[in-house]
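Chemist: Model the following, please.
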Amino acid sequence: MQWGITMEHSIFFSFINSLALQIPGLSRGPLGSANPIVKGMIPSAFGIMSISVGLNLLNALIKRKMVDQDKLKRLLKETRAWQKERMAAFKSKDQTKTDELNKKSAYMNKMNMEVMQMNMRPMMITFLPLILVFYFVLPPLFSYTVAISPISLNFIPGGFFELTCTAAKVAAQPQICHHVNELYFWAWYFLSSAAFSGIIMRITKTTMDTS
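Modeler: As a prediction, this is how the structure comes out:
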């Protein structure tokens, strides 16, 4: 259960970071190059994976330096224990206990806000370097797409957060999307970051696992 919570937070913060890549106006078009320095999907995939691991490691080290890990885990442990106790009282329909626990809601909300602020501070440091890397370093290095997915990964409707090429994009932009379900290079970074962030957090002891 705790591992699941840790992974949820890891994916959430990776998602927040990668949203910067979709902000209108920051890019004139899809990120990547028609004549990249790094040739081929396999070298590109491993290259971006290495960069994502490096940036995750940098973020974890900054977090370890800036955030009091003992205090963070104490706050998380206390808030999760309260949430668990309140849920148990609700399920058992113990109104007296529920009312008693609800009296602590304001205090617990304050603690949750403090936890969020502690996690956001390092992100404020790494946000600008992330933007600079993605808009000035990576586009000349890699092609528009660097991997192929067996299925479409465009789960969010509206076309705002597309990770893979669609048939329409293949038809309209053949110089960018060669095949349906090709992964954009920033999408491969996002998936690599989400996959390795939990491991890096455990290695650097910046995980939000309170066990």
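Chemist: now stretch 141-161: mean pLDDT?
Modeler: What stretch 141-161 shows for mean pLDDT is 86.
Chemist: Same question for that stretch: list its buried residues.
Modeler: Leu141, Phe142, Ser143, Tyr144, Thr145, Val146, Ala147, Ser149, Leu153, Asn154, Phe161 (16 or more other CB atoms under 10 Å). C-betas here are computed from N, CA, C, even on glycine.
Chemist: which residues of the protein fall in helices?
Modeler: Ranges of helices in the chain, per DSSP state H, are 2-19, 41-66, 69-91, 95-102, 105-132, 138-141, 167-172, 185-203.
Chemist: export the ones you listed to a markdown table and tack on distance to Ala34?
Modeler: As requested, these are exported to a markdown table (distance: least, CB to CB, whole Å):
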| stretch | distance to Ala34 |
| --- | --- |
| helix 2-19 | 23 |
| helix 41-66 | 14 |
| helix 69-91 | 45 |
| helix 95-102 | 59 |
| helix 105-132 | 22 |
| helix 138-141 | 11 |
| helix 167-172 | 15 |
| helix 185-203 | 13 |
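Chemist: nearest to His179, of those?
Modeler: In terms of CB to CB, the element of those nearest to His179 is helix 167-172, at 6.7 Å.
Chemist: Which residues does the closest one contact?
Modeler: Identification of contacts with helix 167-172 by CB atoms under 8 Å, 6 or more residues apart in numbering yields Ile176, Cys177, His178, His179, Val180.
Chemist: The same query, at a cut-off of 6 Å, please.
Modeler: With CB atoms under 6 Å, 6 or more residues apart in numbering as the test, helix 167-172 has contacts from Cys177, Val180.
Chemist: Please apply the same query to stretch 118-126.
Modeler: Asn59, Ile62, Lys63, Met66, Val67, Leu72.
Chemist: what about this structure, any weak spots by pLDDT?
Modeler: Applying pLDDT under 70 to the chain flags residues 1-29, 159, 208-211.
Chemist: mind running it again at 50?
Modeler: Counting by pLDDT under 50, the chain contains low-confidence residues at 1-28.
Chemist: Most remote residue from the middle of it, which is it?
Modeler: The outermost residue of the chain, judged against the average C-alpha position, is Thr96 (39.7 Å), by CA atoms, centre = their mean.
Chemist: Would you mind measuring from that residue to Pro150?
Modeler: 53 Å (CB to CB, to the nearest Å).
Chemist: returning to that earlier point: so which of the buried residues of stretch 141-161 are in strands?
Modeler: Thr145, Val146, Ala147 (DSSP state E).
Chemist: Which of those sits closest to Phe136?
Modeler: Closest to Phe136, out of all of these and judged by CB to CB, is Val146, at 18.1 Å.
Chemist: For Ser92, see how far away the closest one is.
Modeler: According to CB to CB, Val146 stands 52 Å off from Ser92.
Chemist: Then Val115?
Modeler: Val115 is 27 Å from Ser92, by CB to CB.
Chemist: Equivalent analysis for Lys77, please.
Modeler: Lys77 sits 23 Å away from Ser92, going by CB to CB.
Chemist: quick one on the thing from earlier: determine which two of the buried residues of stretch 141-161 are furthest apart.
Modeler: Pairwise distances across the buried residues of stretch 141-161 (CB to CB) peak at 24.7 Å, for the pair Leu141 and Asn154.
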